Structures are given as C-alpha cells and as structure tokens.
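Visitor: Quick check, what structure comes out for this input:
(2 chains)
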2 protein chains.
Amino acid sequence: MPPTITAFENSPDRGKGQARDMRLRWALEEVGQPYDVRLVSFTAMKQPAHLALHPFGQIPTYEDGDLALFETGAIVLHIAERHAGLLPVAPSARARAIAWMFAALSTLEPPIVELTMAMLFERDSSWYAERLPMLQDRVRTRLGELSRHISGADWLDGAFSAGDLMMVTVLRRLNTSGLLDEYPDIAAYVARGEARPAFRRAFDAQLAVFNAASRS
Amino acid sequence: MPPTITAFENSPDRGKGQARDMRLRWALEEVGQPYDVRLVSFTAMKQPAHLALHPFGQIPTYEDGDLALFETGAIVLHIAERHAGLLPVAPSARARAIAWMFAALSTLEPPIVELTMAMLFERDSSWYAERLPMLQDRVRTRLGELSRHISGADWLDGAFSAGDLMMVTVLRRLNTSGLLDEYPDIAAYVARGEARPAFRRAFDAQLAVFNAASRS
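Guide: Numbering: from 1, shown residues only, chains lettered A, B, ... in the order given. Down below sits the predicted model:
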C-alpha cells in the first residue's frame, strides 16, 4: 500500500502549485515513491475525522500504515530520511540540508506569507499603501542574504536536497509579488527547481486535480 | 571539546529567555551535554565571520568540530538525534515529536511573531487599533486548536520531547500579550515546561549573560 496524502478538493490557488501538498508530491516524485491522494473540502478539514490527523485542520497529512503525520516540513523530512535522493549521506552535509529546510520554513516563509497575505486581504485597507513597503523590505532583506549565499551555485549546499525543495516552494509564493525579478540569481534558482522532472510531474498532478474540480 | 553556541552579547529581551539561544541551552541541559557560549554583538552578527556560520546573520549558531549549523530548529533536532532525552525511540512516536517541532515553528510561531512585532513596532501607527484584534484572533485560532489537542495531557504526544521544548519556547513569546490567560490549559502547559530543572538551568545561564552585560 502506498502512503496517502491529503490535498484541497478545490485549491484556492487555482492549480498554481502553491498549496502545501505540492511539497509532498514533489518529494515523493524525487524519491520515486508512488502515493495516493485523498481530497478534502474546507468543511471536512475542520471536522473530527480530519482533526484527528491534523490538530490544526489543514492539509497536507500523510498516512503510511500505522503512522499518521502532519506538518509539511516533518513529512518531507520523514520521506527524505527513508528514501535516497533528498538528503546527503555524510552526516554533516545531511545536517546542513536539514538546516536549509528549517531556514525555508522559519526564516524565509513567515515574512513572505505576511506580505502575500496582506496583498490578498488588506489591499483595500487605509494602511495598505503605508505598510506594503515595510513588508516588501522585510522580504528583500532575506532575499538579499539568500542571494549572497547562493551566488554562483546551482543549489543551496552542494547537490539538490530537501532544503532546496522547501526553499524553492517557499520562494514560489512570491511569483505574483514582482520581488523575484529584483534578484535574478534567485529567480534562476527557482526556475532550476521548477525544471526538474519530479517537480513537473508533481505540478501536473496537482493541476489535474484542480482542473477536474473546476469542470465538475 | 564541547560544542559552542552563539548568543546575543546584550539580548534585546533583557534576560527574559526569549532569544533563540534559550532553545539550544534548554535542549543541551535536557540531554546533559555541556556547551560553550560565544557572545556576538549586533554589529558582529552582520560581519563576514558570522555570516559564514549563519547566512542570515542571526543567533544562535552551533559549532561542533567540523560541523557548523544554523537555524534553531535544525540544531535542536541535531542535538535530539544524537543524545537520549528529547525524542522517543519508537519510529512513529519519533516522527510525531518532530512534527510538533515543525508545528511550533511553522504553524504557531509566525502569527505569534506577527502579533508581538506589531505590539513592539506598530503601536504608534494609525492602523494599530484596527489591526490588533485581527492579529490576536489569528493567534487565538491556533491556541484554541492547540488547547483542544492538549486538553488533559501533560505534553503534546506522550512523554516530554523536543516538540514540547519548541512549543513552550514559542508560546512564551506571548507572555506580555495577555492571550495565554484566555487558555488556562495552555498556560499550565507552559508552566510545566518552565518548571523543568533543565529549563531553569538554561534560563539562569542566559539571565547571567544579560546581568553581566548590563553591569559592564
């Protein structure tokens, strides 16, 4: 039995691969593991059956035999620890790849989410024009530091790893912000991630779900 | 040689144990490992020597022989993987403890930081009164879900783990917000964490650094 992940029945990103099931799909494709998908509605996500899997009522979750996991980062790490292809074997390089996973989720994603949420939900507020540059500058600070680190390299630390997978999916959230255009080396890094065959397969799979939902 | 961590020379939290070195100190105390501390100034954090350790110019870092790590979550996980006391041995329970580490950092901490940063830096803005309830409600949503999960239990998932260590330190950021008073079971959970001897030793160690700095 392959593991089962959950994904939005009707993703609010309209199939752009921004929902977090994309991260699991990509990880599973990189390591060549088949998986099943169970689609959940926004209503079902807050019901007891789903809350038993995910205490915060979100997607994705991961079920494999007796193991039920939540939190995208933990699931990607779990997959990466059990299958070759997403973490180096050498202990120090492995620890650094995991550090980049946490950097993507703890250092990059929060200011990026804050910016993109404001762009979605506070655009009509009286303070939007004044706050927007502050939110953009917080993201620019991190992008500048990341750009300095990645300069001249294909990936964050040697070969492609789960750290890159997480970082690329976090940076893709900026697609509509215009900020990636200011950092050509980061835009090229994201494009390198998106060009990987495993990314393409994962992207197509989540897009197929959205297209089927919008036809029904 | 014990590992060396970095911490603020003069912590902006005035010794309240909110800086992220507290998380490493607590983890190292839980597993009974001695450590050295190198203090860094805000200026030094942005210089090449420190940026070589931490691409985003923050504390803490962790150096142990040839290994140099950044990102608090990655360092706590590294410590927990190498010493008994912070992760269950059974694979499924271990994976769930790691999921709670990610939940603390990815699901709880971002809205908590957004609220506490606004309380610090946007208090005098024209929009503060209007935005504050929205930020508080985002945190309340997560606290409500956490409260429902933890109800009646001492820790998040069985015995105390690195997931609890991370969650308690994230929740402590709400100390001045008043929100923990609305969730007595979460306040009791945080107090249980703070009552652990390893927490007390770690707290006293970081407070001693702040007191020495403020006397000099």
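Visitor: contacts, neighbours, all on C-alpha from now
Guide: Fine.
Visitor: Tell me how many other residues crowd the nearest residue to residue A:37 once chain neighbours are set aside.
Guide: For residue A:37, ignoring the flanking residues on the chain, the nearest one in space by CA to CA, 6 or more residues apart in numbering or on different chains is residue A:5 at 5.0 Å. Counted with other CA atoms under 10 Å in any protein chain shown, residues neighbouring residue A:5 total 23.
Visitor: The strand or helix carrying residue A:5 pairs with which strands?
Guide: Using DSSP states H and E, residue A:5 sits within strand A:4-8. With DSSP bridges as the test, strand A:4-8 is paired with strand A:36-40 (parallel), strand A:61-64 (antiparallel).
Visitor: and the lengthiest helix in chain A, which residues are buried?
Guide: If you go by DSSP state H, chain A has its longest helix at helix A:128-150. By 16 or more other CA atoms under 10 Å in any protein chain shown, the buried positions in helix A:128-150 come out as A:132, A:135, A:136, A:139, A:140, A:142, A:143, A:146, A:147, A:149, A:150.
Visitor: Let's check: the centremost residue of chain A is which one?
Guide: Residue closest to the mean C-alpha point of chain A, counted by CA atoms, centre = their mean, is residue A:169 at 3.8 Å.
Visitor: burial of residue A:9, as a residue count?
Guide: By other CA under 10 Å, the residues close to residue A:9 number 16.
Visitor: Check residue A:152 too.
Guide: 9.
Visitor: How about residue A:42: what's its closest non-neighbour residue?
Guide: Once flanking residues are discounted, residue A:42 sits nearest to residue A:8: 7.5 Å by CA to CA, 6+ apart.
Visitor: For that neighbour, give me its contacts.
Guide: A:19, A:39, A:40, A:41, A:42, A:59 (CA atoms under 8 Å, 6 or more residues apart in numbering or on different chains).
Visitor: so where does the last one fall, helix or strand?
Guide: Right, the one you point to is residue A:59. If you go by DSSP H and E, residue A:59 is not part of any helix or strand.
Visitor: Look at the residue located most distally from the centre of chain A and give its secondary structure.
Guide: Outermost residue of chain A with respect to the C-alpha centroid, by CA atoms, centre = their mean, is residue A:126; its distance is 31.3 Å. Of the three states, residue A:126 takes coil according to DSSP: H, G, I helix; E, B strand; the rest coil.
Visitor: For it, give its distance to residue B:117.
Guide: Note on residue A:126: its distance to residue B:117, by CA to CA, to the nearest Å, is 20 Å.
Visitor: go on, residue A:34?
Guide: Distance from residue A:34 to residue B:117, by CA to CA: 43 Å.
Visitor: Let me know whether residue A:75 touches residue A:62 as I believe.
Guide: Yes. Counting by CA atoms under 8 Å, residue A:75 touches residue A:62, with 6.9 Å between them.
Visitor: Now for these two: what residues contact both?
Guide: Contact criterion CA under 8 Å, 6+ apart; residues shared by residue A:75 and residue A:62: residue A:69.
Visitor: circling back to that earlier point, what's the following helix or strand after the longest helix of chain A?
Guide: Remark: after helix A:128-150, the chain's next helix or strand is helix A:162-171, criterion DSSP H and E.
Visitor: Show the pLDDT at residue A:43.
Guide: Note on residue A:43: pLDDT of 96.
Visitor: mind checking which helix or strand it is in?
Guide: Following DSSP H and E, one finds residue A:43 within helix A:42-45.
Visitor: next one: that helix to chain centre, how far?
Guide: 21 Å (CA atoms, centre = their mean, to the nearest Å).
Visitor: Could you list the residues of chain A in contact with chain B?
Guide: Residues of chain A lying near chain B by CA under 8 Å from any CA of the partner chain: A:55-56, A:66-67, A:69-71, A:73-75, A:78, A:92, A:95-96, A:98-100, A:102-103, A:105-106, A:110, A:126-127, A:142, A:145-146, A:149.
Visitor: Who are the contact partners of the residue farthest from the centre of chain A?
Guide: Going by CA under 8 Å, 6+ apart, residue A:126 touches residue B:127.
Visitor: Roughly how far does it sit from residue B:130?
Guide: With distances taken as CA to CA, residue A:126 is found 10 Å from residue B:130.
Visitor: likewise residue A:7?
Guide: 34 Å.
Visitor: Repeat that for residue A:63.
Guide: Going from residue A:63 to residue B:130 by CA to CA gives 41 Å.
Visitor: For residue A:84, list the residues it contacts.
Guide: Counting by CA under 8 Å, 6+ apart, residue A:84 touches residue A:31.
Visitor: Which one (most neighbours) among the contacts of residue A:8?
Guide: Busiest of these [other CA under 10 Å] is residue A:59, holding 23 neighbours.
Visitor: And that one, how far from chain B?
Guide: Residue A:59 sits at a distance of 12 Å from chain B (criterion: CA to the nearest CA, to the nearest Å).
Visitor: That residue is in contact with residue A:24, isn't it?
Guide: No. With contact defined as CA under 8 Å, residue A:59 does not reach residue A:24; the gap is 10.6 Å.
Visitor: If I look at the residue nearest to residue A:42, what pLDDT would I see?
Guide: On the pLDDT scale, residue A:8 gets 96.
Visitor: Same check on residue A:143?
Guide: pLDDT recorded at residue A:143 is 98.
Visitor: again, but for the one 4 residues further on
Guide: What the model reports for residue A:147 is a pLDDT of 98.
Visitor: show me what contacts it?
Guide: Applying CA under 8 Å, 6+ apart to residue A:147 gives the contacts A:183, A:185, A:186.
Visitor: tally of neighbours for the spatially closest residue to residue A:20 that is not a sequence neighbour?
Guide: Beyond its immediate neighbours in the sequence, the residue positioned closest to residue A:20 (CA to CA, 6+ apart) is residue A:60, lying 6.3 Å away. Neighbours of residue A:60 under the rule other CA under 10 Å: 27.
Visitor: is it true that residue A:60 touches residue A:71?
Guide: Yes. Applying CA under 8 Å as the test, residue A:60 and residue A:71 come out as touching, 7.2 Å apart.
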